[in-house]
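Q: Next input, structure requested:
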Amino acid sequence: MFYISKDQIQINSAIRDKEVRLIDSDGTMIGIVSAREAQLKANERELDLVKISPNANPPVCKIMDYGKFLYEQNKREKEAKKKQTIIEVKEIRLSAKIEDHDFSFKAKNAIKFLQDGDKVKISIRFRGREIAYSTLGREVMNKFADTVKEYGKVDRPPVMEGRSMSMILVPHKK
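A: Residues are numbered from 1 along each chain as shown. Just a heads-up that it's a prediction; the model follows:
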């Protein structure tokens, strides 16, 4: 089928070309005819004349039921959206001086997110003089990645961005 954006489509009297390459409603090629003659053939069958390839020389037009065409195109787009999987990015914030219980609790949450198929962004924000201990933050990040390694892998290693460090984990392929 043809995939044309709705703003490019010209139908019936909007087609101003002298001659067009005409395709019948059943898909057979009629040939090069004048636009007026093509419009008359479409009117005989009580269908629309639709310009499907405006950049061709001469432009290609097809005789079809335009309303039905739009309906089917919208239906296909909706089906494609249903089949899409949307991957969300969940964020978990740690600190450079995180306690063991907090660490395990946040690791458990990250594992749950990874099992659901979401990406997980792990971030550490350094406040005040903590920025001097960014190596501590990197160790915490590496330990976190090691803790959840059986559920996900590191997509982007720990990177400093201003006063915060972040890394992204992605779930393993199923």
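Q: What segments of the chain are helices?
A: Shown for the chain, the helices assigned by DSSP state H span residues 35-44, 66-83, 100-115, 134-147.
Q: Take those helices and lay them out in JSON lines including mean neighbour count.
A: The way it works is simple: take the backbone N, C-alpha and C, and place the C-beta from them, glycine included. Listed next are the helices of the chain as JSON lines, based on neighbours: other Cβ atoms under 10 Å:
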{"stretch": "helix 35-44", "mean neighbour count": "16"}
{"stretch": "helix 66-83", "mean neighbour count": "11"}
{"stretch": "helix 100-115", "mean neighbour count": "15"}
{"stretch": "helix 134-147", "mean neighbour count": "17"}
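Q: Ile124 reaches Ile92, doesn't it?
A: No. Between Ile124 and Ile92 there is no contact under Cβ atoms under 8 Å: 10.0 Å.
Q: neighbour-wise, which of these two wins?
A: Neighbours were counted for Ile124 and for Ile92 using other Cβ atoms under 10 Å; Ile124 has more, 24 against 15.
Q: gap between the more buried one and Lys97?
A: In this view, Ile124 and Lys97 are 10 Å apart by Cβ to Cβ, to the nearest Å.
Q: Same list, the helices of the chain, but as TSV with mean pLDDT and distance to Thr28 please.
A: Formatted as TSV, those follow (pLDDT from 0 to 100; distance: least, Cβ to Cβ, whole Å):
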stretch	mean pLDDT	distance to Thr28
helix 35-44	83	12
helix 66-83	86	17
helix 100-115	92	54
helix 134-147	90	61
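Q: Can you redo these as a markdown table, where the extra columns are distance to Ile168?
A: Output for those, formatted as a markdown table (distance: least, Cβ to Cβ, whole Å):
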| stretch | distance to Ile168 |
| --- | --- |
| helix 35-44 | 54 |
| helix 66-83 | 25 |
| helix 100-115 | 11 |
| helix 134-147 | 10 |
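Q: looking at these, which is closest to Ser25?
A: helix 35-44 (8.6 Å; Cβ to Cβ).
Q: between the closest one and helix 66-83, what angle do the directions make?
A: Angle of helix 35-44 versus helix 66-83, following axes from the mean of the first three to the mean of the last three Cα atoms, to 10 degrees, is 80 degrees.
Q: Could you give the separation of helix 35-44 from the chain centroid?
A: Offset of helix 35-44 from its chain centre (Cα atoms, centre = their mean, to the nearest Å): 40 Å.
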